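J.: Show me how the following folds:
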Amino acid sequence: MPHEIVTTERLACSYRAGRVLEDVSITVAAGDYVGVVGPNGSGKSTLVQALIGLVPISAGTASLFGVPSGSFAEWGRIGYLPQSLRLLNPMFPATVAETVALGLLSLKRFPRRLTRHDRDRVAATLEGLGVHDLRHKMIGELSGGQQQRVLLARALVNDPELLILDEPTAALDPETRERFYELIAEMNRLRGVTVLLVTHDAGAIGRHATKMLYLDKRVIFYGSFEEFCGSEEMSTIFGAHSQHLMCHRH
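T.: Numbering: from 1, shown residues only. As a prediction, the model looks like this:
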């Protein structure tokens, strides 16, 4: 049996306006690729942010690799790509290679220095994402899609076991978006990286995810893609036509 990477039990999160999430109980096993979908304001981003401590949990529990999320400290095992480029200051005086290397430096003890092996890792990660030729450019000179790929490179450079991606394709053009999905699917299939991907792009996720989580402040559906395709409730929510397109994995 694959071991559990993420577990939540009756997890709830509240903002001043009230509950954003309630009674969320899910288990993500090693090697799963979970597409997290749902309407705007359904709590998708809140869920992944709660898992990694960016928003507080108001009730229930969450654990990562079997450790309660509040005590979890092995952040090198997790790669996180935030929803927007907010975390990237375009005026930050760093090159692409330096920005990606931060993903390795953050895991080191002082004095924090890059080894030759680290630099090779940075170069290989940039190569894999098709942005190696930009390595000496300043972050502020890049397009939104290029910046997104650089942030993804930073999330991947430490070879994470769990990859959490929050609306990762928002800034990408259709061709880059397709390459992005292929890359993530490949990491899941070939390297066994567990993926939790929040998206509005339910059609694209249908081609790659092994499980679907449909949230609307609580869990409406969580199961394998095959179960999703046979679910009459999901057919009612998505419409039979959309469900058909997703399930035939065009």
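
J.: Okay, strands next: where are they in this structure?
T.: 4-15, 18-29, 33-37, 59-64, 67-68, 78-81, 162-166, 194-198, 211-215, 219-224 (DSSP state E).

J.: Return the member of these having the minimum mean pLDDT.
T.: With a mean of 88, strand 78-81 has the lowest mean pLDDT of the strands of the chain.

J.: tell me what that strand is packed against?
T.: Counting contacts by 3 or more CB pairs under 8 Å, 6 or more residues apart in numbering; DSSP states H and E, strand 78-81 is packed against helix 144-156, strand 162-166. For the C-beta atoms, the positions are set from N, CA and C on the backbone; glycine is no exception.

J.: Kindly recompute the last result at 10 Å.
T.: helix 44-51, helix 144-156, strand 162-166, strand 194-198 (3 or more CB pairs under 10 Å, 6 or more residues apart in numbering; DSSP states H and E).

J.: So for E74, which of those sits nearest?
T.: For E74, the closest of the helices and strands packed on strand 78-81 is strand 162-166, at 10.4 Å, according to CB to CB.

J.: For that closest one, which strands pair with it and how are they oriented?
T.: Strand 162-166 has the following strand partners under DSSP bridges: strand 78-81 (parallel), strand 194-198 (parallel).

J.: now the chain, which segments are flagged as low pLDDT?
T.: 1-2, 84-92, 105-112, 171, 248-250 (pLDDT under 70).

J.: Spatially central, which residue of it would that be?
T.: Centroid check for the chain by CA atoms, centre = their mean gives L165 as the closest residue, at 1.6 Å.

J.: you'd agree that residue is up against T194?
T.: No: with contact defined as CB atoms under 10 Å, L165 does not count as touching T194 (11.6 Å).

J.: what's the residue nearest to the centre of the chain in contact with, if anything?
T.: The contact partners of L165, taken as CB atoms under 10 Å, 6 or more residues apart in numbering, are 36, 48, 79-83, 152, 155, 180, 184, 195-199.

J.: Go through the longest helix along the chain and flag the buried ones.
T.: Secondary structure of the chain per DSSP state H: the longest helix is helix 174-191. Buried positions in helix 174-191, judged by neighbour count with 16 or more other CB atoms under 10 Å: 176-177, 180-181, 183-185, 187-188.

J.: and if you look at stretch 13-22?
T.: Across stretch 13-22, burial judged by 16+ other CB under 10 Å covers 13-14, 20-22.

J.: Lovely, talk soon.
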